[in-house]
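**Student:** Sequence plus predicted model, see below.
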Amino acid sequence: MAASKLDTVFAALGLEPSAAQADALDRYLDLLERWNATYNLTAVRDRAAMVTQHLADCLAVVPAVQRFRGGGRLIDVGSGGGLPGVVIAVMLPGWDVSCVDAVAKKAAFVRQVAGALRLPNLHALHGRVEALREPAFDLITARAFANLAEFARLTRPLLAPGGAWLAMKGKRPDDEIAALPADVAVFHVEPLGVPGLDAERCLVWMRPR
């Protein structure tokens with residue numbers, strides 16, 4: 001069922017994954033379900049709901065990332081079970097993706113996914129993002145991590161020259177945008193249509209002024 005539902009999501013978003021990519025996402029769901037039974041990686045338990053609320057939501061970001069740049073270094077902050085980092089790593093192999101989370105079991109899960117799905121471009125980092133000492137990243141993403149000002153403040157040392165922040169949000173967060181410091185600019189707020197999800201979604205693109 002998940003595979004056919006995923007096919008519907010791919011078609012709705014105009015994505016044309018290879019058979020290997022589609023299979024990898026299906027196997028990722030298998031792992032998420034299995035680990036979730038023990039480690040509580042996500043509050044969503046039903047597989048069909050996982051397809052809509054997690055995979056479709058994250059797949060909707062893929063065309064936007066692809067438009068920004070064909071590849072580079074990406075870090076997904078507060079990645080949890082690897083959303084959207086794992087999805088981006090599967091769909092866009094030109095991106096080298098690191099998923100960071102302060103919870104050890106979540107980083108361990110992403111490490112397991114990278115091995116099981118044979119994704120050399122997917123890495124798991126355990127720790128607080130503000131304490132990381134890593135080479136700079138071209139794109140810094142977050143889904144339900146923090147408000148925009150906090151997101152930018154905590155991750156700014158990791159942003160490469162010419163890089164950008166990409167925050168996944170529900171409704172357009174005008175209050176958060178207004179509260180940004182003067183040296184951070186929002187250059188695009190992109191509405192997202194998530195197949196099967198009856199809720200507002202948008203991407204907030206930011207960069208240093």
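**Tutor:** Everything's here; your move.
**Student:** May I have the secondary structure class of residue 42?
**Tutor:** Residue 42 falls in the coil class when you classify it by DSSP: H, G, I helix; E, B strand; the rest coil.
**Student:** With residue 203 instead?
**Tutor:** strand.
**Student:** pretty sure it is touching residue 166, no?
**Tutor:** Yes - between residue 203 and residue 166 there is a contact under Cβ atoms under 8 Å: 6.0 Å. (Glycine included, C-beta is placed from N, CA and C.)
**Student:** Beyond the lowest-mean-pLDDT helix or strand in the chain, next helix or strand please.
**Tutor:** Using mean pLDDT, DSSP states H and E, helix 47-50 stands out as the lowest-scoring helix or strand of the chain, at a mean of 79. The element immediately downstream of helix 47-50 (helix or strand, assigned by DSSP states H and E) is helix 57-59.
**Student:** just to revisit the earlier point, so which of residue 203 and residue 166 has more stuff around it?
**Tutor:** More crowded of residue 203 and residue 166, by other Cβ atoms under 10 Å: residue 166, with 24 against 18.
**Student:** So the more buried one belongs to a helix, correct?
**Tutor:** No - counting by three-state DSSP, residue 166 is not part of a helix but strand.
**Student:** where does the residue lying closest to it once chain neighbours are set aside fall, helix, sheet strand or coil?
**Tutor:** Residue nearest to residue 166 in three dimensions, not counting chain neighbours: residue 141, with 4.7 Å by Cβ to Cβ, 6 or more residues apart in numbering. Three-state call for residue 141 (three-state DSSP): strand.
**Student:** For residue 141, give its distance to residue 69.
**Tutor:** Separation of residue 141 from residue 69 (Cβ to Cβ, to the nearest Å): 13 Å.
**Student:** When these two are compared, which one has more neighbours?
**Tutor:** residue 141 (29 against 16).
**Student:** I'd guessed that one sits against residue 76; true?
**Tutor:** Yes - with contact defined as Cβ under 8 Å, residue 141 reaches residue 76; the gap is 4.9 Å.
**Student:** ok now the biggest helix by length in the chain, how far from the chain's centre?
**Tutor:** As assigned by DSSP state H, the longest helix anywhere in the chain is helix 19-39. In this view, helix 19-39 has its centroid 16 Å away from the chain centroid, taken as Cα atoms, centre = their mean, to the nearest Å.
**Student:** contact partners of it?
**Tutor:** 2-3, 6-7, 10, 17, 41-42, 45, 47, 50-51, 54-55, 81-82, 86-87, 90-91, 105-106, 109, 112-113, 116-117, 119 (Cβ atoms under 8 Å, 6 or more residues apart in numbering).
**Student:** cutoff 7 Å now
**Tutor:** Contact with helix 19-39 is made by 2-3, 6, 41-42, 45, 47, 50, 55, 81, 86, 90-91, 105, 109, 112-113, 116-117, as judged by Cβ atoms under 7 Å, 6 or more residues apart in numbering.
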